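K.L.:
I would like the atomic coordinates for the input below:
(chains A, B and C)
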Amino acid sequence: MSTAVEAPRRRIVASPSGWAVWGSVVIFMLLVAGVVCSVLVNSFGTRWFGTWLPQGFTTRWYAEAWRDFGLFQVIVVTLEVAVAVVVLSVLIGVPASYVLARRTFPGKKLVYFAFLLPIMMPPITYGIPLATVLYKFHLAGNLSGVILANLVPCVPFVILTMTPFIEQIDPTIERAARMSGARTLSVFTRILAPLLVPGILASCILVLVRTVGMFELTFLTAGPDSNTLVVALFNSMNAAGIRAQQSVDSMAVIYMTVMLVLLVVALRFVNPTQLVAQVREEPEP
Amino acid sequence: MSAQAAHPGLSRRHRLAERGIDGQLLLLVPAVVFVIGLFIYPFLYGLGLSFQPAKGGGPFADYQRFFTDAFQRDTIWKTLRLSIPAALFNVLASVPIAYRMRGRFRGKRLVTTLLVIPITLGTVLTAEGLINFLGPAGWFNRILKTLHLREDPLGLINNYWGVFFSLVITGFPFAFLLILSYLSGIDPTLERAAATLGASARQRFRQITLPLLAPGLATTFCLTFVLAFSVFPSAILVGNPTGSTRVLSIAAYQAAYEQYDYPFASTIAMIMGAVELIVLGFVLLWRSRFYVGSTGGKG
Amino acid sequence: MTQQNARFEELRLDGVGRQFGGQDALQDLNLTIRAGEFIALLGPSGCGKSTALNCLAGLLPLTAGSIWQDQTRVDTLPPERRGFGMVFQNYALFPHMSVRKNIAFGLQMRHLPKADITRRTDEAIRLVQLEEHASKLPGQLSGGQQQRVAIARAVVLEPSLVLMDEPLSNLDAKLRLEMRTEIRRLHQSLGLTTVYVTHDQEEALSLADRLVVLRKGRVQQVGTPEELHTTPANWHVADFMGFRNLLQADVVEVRRDGVVVDTGGLRLVGTPVGAVAQGDRVVAAVRPTEFEISEPGAPDGIRAVVEVVEYQGREQAAEARTETGGRLHLRTDRRLAPGDAVSLSVPTDRLLLYPMGDEAPPSSSPILGETSGAGAAPALAGRG
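P.N.:
The predicted structure follows:
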């Protein structure tokens, strides 16, 4: 009959399976940390063989890498490619997503499937024929080829991101705007565009991150002076006998820094899951 | 009737609009042109090339060449041997962890952010790191030695395992985040209802959550498999590109850029696409047996 | 897995409370439920009624108090061991299972013999008249049909307590009335103890043996429908029970045959509920139906002009404005028209006077010409 406050029995959190789960997550993170840190540490080491840490620390590898790999030029190229791909894929993709989100028309499923394919195919599978075609038209081996090739997975990506986004904007507000007398252009600029901005921003960021990290397509279509950072890194790793491992690792660290900066910028606009869950369920017919 | 006669053009436009075709569809045109020009046309061109072998011998000669040469044919098996276990591992390992983490808890944003890092860093950097970390003189083997678990270093790079780890590091977070979002898309009141009906935690998982999650698992497997199947730089950098990890992409690349045999390269690319589609087909068939409708929740 | 399934004589909630991050969603709920009773938890949104239900179900742990089934303590049991059935607001039907499998689920969890499961499932399906739909998936059913599946699923286990969380709120008005009768009929034929959460006072009055009115986590009154309808314990409960006219007034004189109050110059005589003294600020509550309407010119009447009239069949609902600017809600079978001048009076025993407490009633145009200010002491509204 007492009304004393008793602590209720809470569900047990520290069960064995709970520990196993958290344990595996921690082990995974440690693995990743180990991988990243070994690159980082090595890039600052003078010589490192057979000991826990390098014998000494220096930053000369960075200067060397910067010079030897022409990293400034490479970074410039990377940014040019990324920005061009972002702008083009948004220009092409957003209007298409609007139509896909709002309208039904004969053949819609086919069109949607066609946009889905480039993401489902391994880049090498369509990259090699694409590179062959681009070379035939003398578009490969330079910046335009790289941009065109990188567009292939990015336009569908923008479409797949923007279409659900537009779908969730209530279509009746467009009708409401029309009832208030707005013509199509006004509806677009004053009602639709402001609502689309967050989605477009998110798409831009995601495309940016994706393109900077995209290896295969650039690898197949780039010429010697249109390599992006990731391809330059691969090339130096592949030819590792010539360059010092530390030099390569410095370049890797520079690449890592660029990516992490992009990630930090990206996370201000999107949440981590969106970076990954681009391709969700196919839309219901 | 008279309106039709007076404005014949208008009625045709209306008829088309009834079926959903009007000026707005023009917005689709750039994207469609893009897909056709940069994807479908090269694909068809490659397909055509694959039937025109450089060395002659009929349209299927290059295909025959591929399947009769063990060195080439084995690439299919090697690729599947890497991609299917890696994808399976990524998906199956994600399920219990995502199940624990569904709903809200304090560190969720931090954990998801940390998990996104390997995906962003990408396969090339991961490969470089793995060479350092898992190498014979790297920290991993050092730790094993210090803990007296092993005297000799484990051979974990320049072979199958190096590539496998690379696929897990970049693939697991991807699978995990996808499955986490699928789990969040299941209405939480369903589990509560099952609890009031007497279902224990294990029964709730097996009878309610798992059947509703299965379609999402299939989709995640497909996407993770595509990523793993496309493995290329890690197979070269941290694998054994002439031996156990000579995957289809390497074969295709070599044919194109080392032997300059573009038809053969296209053949291999087509075969690669076909193998992937077959695997995806099986998985999607399996998926169709489940309830794939709305599961409530926020999705 | 053992489950509490024995019938109980009484279910007792002792000082049950639940805090969310420092806020009290539910405080000091004391209630004894007898076997077979139909209890309604009633109140506006945020009052804690759903919290109370979830605490009963075991889906929310208590932060204070305990729950006893006869002599056994149950609040330490997880929901799967309490043996209570629950109908959720969104039905929570398992979308991948047919109607039959949904209903059979709980029986399967108990590992009953297959023949029993089939028999009882069939009975439940017949009970809610869904024989034709037994093999369909929930997505193929209408809202009302889904509702019935949810109910069947909860009662097929013959639980010692059935919990219902606003089960009718997602249905349209006509269906809601039909289902209300269904629920009443089920309760009469099965006799299962039920706790029913709703914000609709009409629903609560028609279904319940006893009502518990909650506000901001605290119990305002517990009683039979008649008790709550005729003598609400405080003006919040009165507001909920349909006393649409709530006027701020000051006590002028306390007499033996009634208390005289002054509201914006008008003198009214009413019956106090609780202690009132001269000079107190009170809330005068009147039902729209209790006004006696006569031609203007009657002595001691409130002079008012009808502004808005709503046709409601045999009766009309009307809003009239008094000389002092206040609005009164009327309900009468007299035919009124906008612009009519009328004289209103209300019998003393139908004008209830409540201490105002810590909150003034919202008035769209305050009788006294002031905005609702802070009351006297922050006294809590009386408990029933």
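K.L.:
In the sheet, which residues pair with the spatially most central residue of chain C? Tell me.
P.N.:
In chain C, the C-alpha nearest the mean C-alpha coordinate belongs to C:L42, at 2.6 Å (CA atoms, centre = their mean). For C:L42, the beta-bridge partners under DSSP bridges are C:T198, C:V213.
K.L.:
C:A204 is in contact with that one, correct?
P.N.:
Yes - using CB atoms under 8 Å as the test, C:L42 is close enough to C:A204 to be in contact (4.5 Å). Placement of C-beta: from N, CA and C, glycine included.
K.L.:
So for these two, which residues contact both of them?
P.N.:
When contacts are counted by CB atoms under 8 Å, 6 or more residues apart in numbering or on different chains, C:L42 and C:A204 are jointly contacted by C:T198, C:L211.
K.L.:
who in the stretch 151-299 of chain B is up against chain A?
P.N.:
Along the stretch 151-299 of chain B, the residues adjacent to chain A under the rule CB under 8 Å from any CB of the partner chain are B:165, B:169, B:172-174, B:177-178, B:180-181, B:219, B:222-223, B:226, B:229-230, B:232-233, B:236-237, B:248-249, B:252-253, B:256, B:262, B:265-266, B:269-270, B:272-273, B:276, B:280.
K.L.:
ok, longest helix in the chain?
P.N.:
In the absence of a named chain, this looks at chain A. For chain A, the helix with the greatest residue count under DSSP state H is helix A:71-102.
K.L.:
actually it's chain C I care about, not the one you picked
P.N.:
Every helix in chain C considered (DSSP H), the longest is helix C:173-190.
K.L.:
for that one, which positions count as buried?
P.N.:
Buried residues in helix C:173-190, defined by neighbour count with 16 or more other CB atoms under 10 Å in any protein chain shown: C:R176, C:M179, C:R180, C:E182, C:I183, C:L186, C:H187.
K.L.:
Count the residues that sit near the closest residue to B:F133 other than its chain neighbours.
P.N.:
Among residues not flanking B:F133 along the chain, A:S38 sits closest, at 4.3 Å (CB to CB, 6 or more residues apart in numbering or on different chains). One way to gauge burial is a neighbour count; for A:S38, by other CB atoms under 10 Å in any protein chain shown, it gives 23.
K.L.:
ok, A:S38 - contacts?
P.N.:
For A:S38, the contact set (CB under 8 Å, 6+ apart) comprises B:G129, B:N132, B:F133, B:G138, B:W139.
K.L.:
The first one belongs to a strand?
P.N.:
No - per DSSP: H, G, I helix; E, B strand; the rest coil, B:G129 lies outside any strand segment and is helix.
K.L.:
Per-residue pLDDT of it, please?
P.N.:
The confidence metric pLDDT takes the value 86 at B:G129.
K.L.:
just the third one next, same as before
P.N.:
pLDDT recorded at B:F133 is 86.
K.L.:
That one is in contact with B:W139, isn't it?
P.N.:
Yes - under the criterion of CB under 8 Å, B:F133 lies in contact with B:W139, with a separation of 5.7 Å.
K.L.:
For A:V207, give its distance to chain B.
P.N.:
Going from A:V207 to chain B by CB to the nearest CB, to the nearest Å gives 13 Å.
K.L.:
list the contacts for the residue of chain A found nearest chain B?
P.N.:
When you check chain A against chain B by CB to the nearest CB, the closest residue turns out to be A:P129, at 2.9 Å. With contact taken as CB under 8 Å, 6+ apart, A:P129 is in contact with B:P42, B:F43, B:Y45, B:G46, B:L47, B:L49, B:S266, B:A269.
K.L.:
follow-up on the earlier one: I'd like the contacts of A:S38 laid out as JSON lines, including distance to A:V155, neighbour count and secondary structure.
P.N.:
As requested, the contacts of A:S38 are exported to JSON lines (distance: CB to CB, whole Å; neighbours: other CB atoms under 10 Å in any protein chain shown; DSSP: H, G, I helix; E, B strand; the rest coil):
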{"residue": "B:G129", "distance to A:V155": "32", "neighbour count": "30", "secondary structure": "helix"}
{"residue": "B:N132", "distance to A:V155": "37", "neighbour count": "26", "secondary structure": "helix"}
{"residue": "B:F133", "distance to A:V155": "37", "neighbour count": "25", "secondary structure": "helix"}
{"residue": "B:G138", "distance to A:V155": "41", "neighbour count": "22", "secondary structure": "coil"}
{"residue": "B:W139", "distance to A:V155": "42", "neighbour count": "18", "secondary structure": "helix"}
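K.L.:
hmm, back to that, now, which of the residues of the stretch 151-299 of chain B next to chain A lie within helices?
P.N.:
Short answer: these in helices (DSSP H) are B:165, B:169, B:172-174, B:177-178, B:180-181, B:219, B:222-223, B:226, B:229, B:233, B:236-237, B:248-249, B:252-253, B:256, B:262, B:265-266, B:269-270, B:272-273, B:276, B:280.
K.L.:
just to revisit the earlier point, list the helices and strands the longest helix of chain C packs on?
P.N.:
Judged by 3 or more CB pairs under 8 Å, 6 or more residues apart in numbering or on different chains; DSSP states H and E, the packing partners of helix C:173-190 are helix C:143-155, helix C:201-207.
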